[in-house]
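**Student:** no sequence on hand, only this structure:
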Ligand code: Q46
Ligand code: ZN
């Protein structure tokens, strides 16, 4: 197996690109894919201050590493969720990466600052942990970006993530989500711009980046991810991709190109219904308090502290 660029010995084969690369040429290839995504979708302007949502996993650390390599002003944001060993280890790896690259990591610890953790919230609200976790992440990413004067929030969603979410939304025809499933959401109504610069890279490709660059990342999934629908959709798409390389790419980019615009009116209508939360001022579709302020209040009333 020879490298497509230099004809030296290749270490990674990418069937959907009908190519293989040696380590240095793979780096050039991966950075090229990220640059193309940023340019094609006008994600980041030169000089923009970028806040990268960092979980300690391969995607977010690869993204942060790549943006720094490409010369962007990129700080990391780590949220302490209070999910036992998983949070301890992912926080440690995020800090170790920041230190190694001499980059700035902003940290928000939910138990320390808001007095509850995600397992405790799941218990009190009697919903799956990902529900409180997802709404807390959305709220705190937006808040940290606005408070810190960042122009854009970048997340490590890769092609596999986006194709799996699209698959789920199409299976149920969740049209309100389909209208917002874009690699870039412009700043509007008090929300910062949000971008996904890894949409042209697969999960395997971001893992390869970390391995080749010696980045230590948390390999275990969050314990709450086990058995969720999202993982099932990924497996189904992997089986299709195996038979027919390039299918995920065609599914996701075909949607962006040919179908997503048909769903934008619903997403726009939802944004127009936003008003400021009476507790924190964040935009919300709820009447008074936003979902995060409601959760904080509910946890305080339950007196759960950081119980889990
Ligand atoms: S939402 Fe759910 Fe993730 Fe939060 S509780 Fe874990 S699996 S970390 S991406
Ligand atoms: Zn609020």
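**Tutor:** Looks like it arrived, so ask away. Note that the structure is predicted; figures quoted are calculated from it, not measured. Ligands and ions are numbered 1, 2, ... in the order given.

**Student:** for the rest of this, base every contact and every neighbour count on C-alpha atoms.
**Tutor:** Will do.

**Student:** contact partners for the residue of the chain found nearest ligand 1?
**Tutor:** In the chain, the residue that lies nearest ligand 1 is residue 130 (3.4 Å; CA to the nearest ligand atom). Residue 130 makes contacts with residue 224, as judged by CA atoms under 8 Å, 6 or more residues apart in numbering.

**Student:** continuing past the helix or strand containing residue 253, what's the next helix or strand?
**Tutor:** Per DSSP states H and E, residue 253 falls inside helix 247-254. Later in the chain than helix 247-254, the nearest helix or strand by DSSP H and E is helix 264-272.

**Student:** helices or strands up against that following helix?
**Tutor:** Secondary-structure packing of helix 264-272 (3 or more CA pairs under 8 Å, 6 or more residues apart in numbering; DSSP states H and E): helix 175-178.

**Student:** flag every residue of the chain that's near ligand 1.
**Tutor:** Remark: the part of the chain in contact with ligand 1 comprises 129, 130, 133, 134, 222, 224, 225, using CA under 6 Å from any ligand atom.

**Student:** in CSV: these, plus distance to ligand 2, secondary structure and pLDDT.
**Tutor:** Output for the residues of the chain next to ligand 1, formatted as CSV (distance: CA to the ion, whole Å; DSSP: H, G, I helix; E, B strand; the rest coil; pLDDT from 0 to 100):
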residue, distance to ligand 2, secondary structure, pLDDT
129, 20, helix, 94
130, 19, helix, 93
133, 15, helix, 97
134, 15, helix, 95
222, 26, coil, 93
224, 25, helix, 91
225, 27, helix, 87
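
**Student:** pull up the residues of the stretch 201-308 of the chain that are close to ligand 2.
**Tutor:** Contact residues, the stretch 201-308 of the chain versus ligand 2 (CA under 5 Å from the ion): 277, 279, 280, 290, 293.

**Student:** wait, the first one touches residue 289, no?
**Tutor:** Yes: between residue 277 and residue 289 a contact is recorded at 4.9 Å, counting by CA atoms under 8 Å.

**Student:** buried ones in stretch 256-267, by neighbour count?
**Tutor:** 260, 263, 264, 267 (16 or more other CA atoms under 10 Å).

**Student:** please consider this matter closed, and thank you.
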